[in-house]
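**Q** Predicted structure and sequence below. I'll ask about it afterward.
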Amino acid sequence: MSTKIYDYTKICNSVLTIDLKIRFAGVIDERGRLVAGGMKENVEPLENEKDDEMIFMELALRVKMRKEFDKQLGPVNFAMASRERALAISIIINDDILYVLSEPDTDYGSLPKKIIEIVNS
């Protein structure tokens, strides 16, 4: 089975431009390591670097656990968490995860669709 080859840096850069409220766009591998992308320039992080590592590892684990139900429910298109200080969206790309963090008042109805369009283009 062949997997499509993606330009993760290009995807992350494109995602950062679709909405001014997006703070972060990065690709996380299945072990929870950042392999492309990062924080938008001139944006103050909400967490420190050590917290980032923990968030990425937890995200990778959560994605693996969700795959347990792919046979019954179908694969996850995207997952979204609305938090007090941020809106987080994750989208699977091959075995990796595109993780997008935005301001909490971002239009969460349209943002995932725009991100998926970028990934699929």
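**A** Thanks, I have the structure now.
**Q** so where is the protein shaky, pLDDT-wise?
**A** Within the chain, the stretches with pLDDT under 70 are 1-2.
**Q** for the longest helix anywhere in it, packing partners?
**A** Using DSSP state H to define each element, the chain has its longest helix at helix 49-66. The contact analysis (3 or more Cβ pairs under 8 Å, 6 or more residues apart in numbering; DSSP states H and E) places helix 49-66 against strand 22-28, strand 79-82, strand 87-93, strand 96-102. For the C-beta atoms, the positions are set from N, CA and C on the backbone; glycine is no exception.
**Q** could I get these as JSON lines with mean neighbour count?
**A** Converted to JSON lines, the helices and strands packed on helix 49-66 look like this (neighbours: other Cβ atoms under 10 Å):
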{"stretch": "strand 22-28", "mean neighbour count": "22"}
{"stretch": "strand 79-82", "mean neighbour count": "13"}
{"stretch": "strand 87-93", "mean neighbour count": "20"}
{"stretch": "strand 96-102", "mean neighbour count": "23"}
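**Q** what's the closest of those to Phe56?
**A** strand 22-28 (4.8 Å; Cβ to Cβ).
**Q** Give me the angle between the closest one and strand 96-102.
**A** 170 degrees (axes from the mean of the first three to the mean of the last three Cα atoms, to 10 degrees).
**Q** Tell me which strands strand 22-28 pairs with, and in which orientation.
**A** strand 34-39 (antiparallel), strand 96-102 (antiparallel) (DSSP bridges).
**Q** so Lys21 sits right up against Thr106, yeah?
**A** Yes: if you go by Cβ atoms under 8 Å, Lys21 and Thr106 touch, sitting 4.5 Å apart.
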